[in-house]
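Chemist: what follows is a predicted structure for the sequence shown.
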Amino acid sequence: MSCKLKIGILGSGKGSNFLAIQNAIEQGKLSAEVRVVLSDVENAGILDYARRKGLNAVFVPPGKFRTKLEPAAEQKCVEILREAGVELVVLAGFMRMLKSIFLDAFDGRVVNIHPSLLPAFAGLEAWKQALDYGVHYTGCTVHYVTREMDAGPIIAQAVVPVLPEDTPEKLHARIQAEEHLIYPQAIQWIAEGKLTMSGRRG
């Protein structure tokens, strides 16, 4: 039996990408094991979903900053992930920038998914940015996390057409449907050793 990739998931919201990943594991499509789920939001849906799945779910108070964790909180996350034996950190709707304490501890071992075809429309509410700009296509991107926001090596992308009748909500929903397909697949490529941690195909 092959060794499963041990992953830890960080999220701030409802947890739909976490569910897609966990469902792929349960269906045998992803050779991985979720060791712990962390959130900076005490009542986040992702923690509820994780507990219903019988997984270790932990709230880590983020501290006083709005866009990042306080150093002590970042160090606490690192300690929890290390204690759980996590090999790959998966960001699933985590709304804070990770800084040196975290990225040094898991150098080249943090992945994220972003709702645009990076490098286009980095930052918040990328689907709204795409609509405002008037593009005909957008999508989503799985990438490695680096110190520069939404700028790490790309692992996978999926294209989503922008329709004339689209609202931000409709477009975002279709992008999320693609996210739920490509995120587990990208993690599986890592589990199979088909990607180096630089993002290049092996």
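Modeler: Looks like it arrived, so ask away. Residues are numbered from 1 along each chain as shown.
Chemist: which residue ranges of this structure form strands?
Modeler: In chain order, the chain shows strands spanning 5-10, 32-39, 57-59, 88-91, 110-114, 137-144, 154-161, with DSSP state E as the criterion.
Chemist: can I get the CA coordinates of the second one in CSV?
Modeler: Output in CSV follows, covering the C-alpha atoms of strand 32-39 (Å, rounded to 0.1, in the frame of the first residue of the first chain):
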residue,chain,number,x,y,z
ALA,A,32,-3.7,11.8,1.0
GLU,A,33,-4.7,12.1,4.7
VAL,A,34,-5.9,15.3,6.4
ARG,A,35,-4.1,15.4,9.7
VAL,A,36,-5.5,18.7,11.0
VAL,A,37,-7.7,21.6,9.9
LEU,A,38,-6.8,25.1,11.3
SER,A,39,-8.8,28.3,11.1
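Chemist: can you give me how far it is from the chain middle?
Modeler: Centroid separation between strand 32-39 and its chain, computed with Cα atoms, centre = their mean, to the nearest Å, is 12 Å.
Chemist: in its sheet, what does that strand sit against?
Modeler: strand 5-10 (parallel), strand 57-59 (parallel) (DSSP bridges).
Chemist: what are the buried residues along the last one?
Modeler: Applying a neighbour-count criterion of 16 or more other Cβ atoms under 10 Å, the buried positions in strand 57-59 are 57, 58. Using the backbone N, CA and C atoms, a C-beta is placed for each residue, glycine as well.
Chemist: so how far is the first residue of stretch 106-120 from its last?
Modeler: Stretch 106-120 has an end-to-end distance of 26 Å (criterion: Cα to Cα, to the nearest Å).
Chemist: coming back round to it: of all the strands paired with strand 32-39, which lies closest to residue 122?
Modeler: Counting by Cβ to Cβ, residue 122 lies closest to strand 5-10 out of these; the figure is 19.0 Å.
Chemist: mind checking how far the closest one is from the chain centre?
Modeler: Mean-position distance between strand 5-10 and its chain equals 10 Å (Cα atoms, centre = their mean).
Chemist: so who does residue 80 touch?
Modeler: For residue 80, the set of contacting residues under the criterion of Cβ atoms under 8 Å, 6 or more residues apart in numbering consists of 8, 36, 38, 58, 60.
Chemist: got it, and residue 138?
Modeler: With contacts defined as Cβ under 8 Å, 6+ apart, residue 138 is in contact with 115-117, 120-121, 126-127, 130, 159-160, 162, 171, 175.
Chemist: can I get the contacts of residue 80 in a markdown table including distance to residue 19 and pLDDT?
Modeler: Supplementary listing: those in a markdown table, determined by distance: Cβ to Cβ, whole Å; pLDDT from 0 to 100:
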| residue | distance to residue 19 | pLDDT |
| --- | --- | --- |
| 8 | 16 | 98 |
| 36 | 16 | 98 |
| 38 | 16 | 98 |
| 58 | 18 | 98 |
| 60 | 21 | 98 |
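Chemist: so what's residue 161 bridging to?
Modeler: The residues that residue 161 bridges to, once DSSP bridges is applied, are residue 137.
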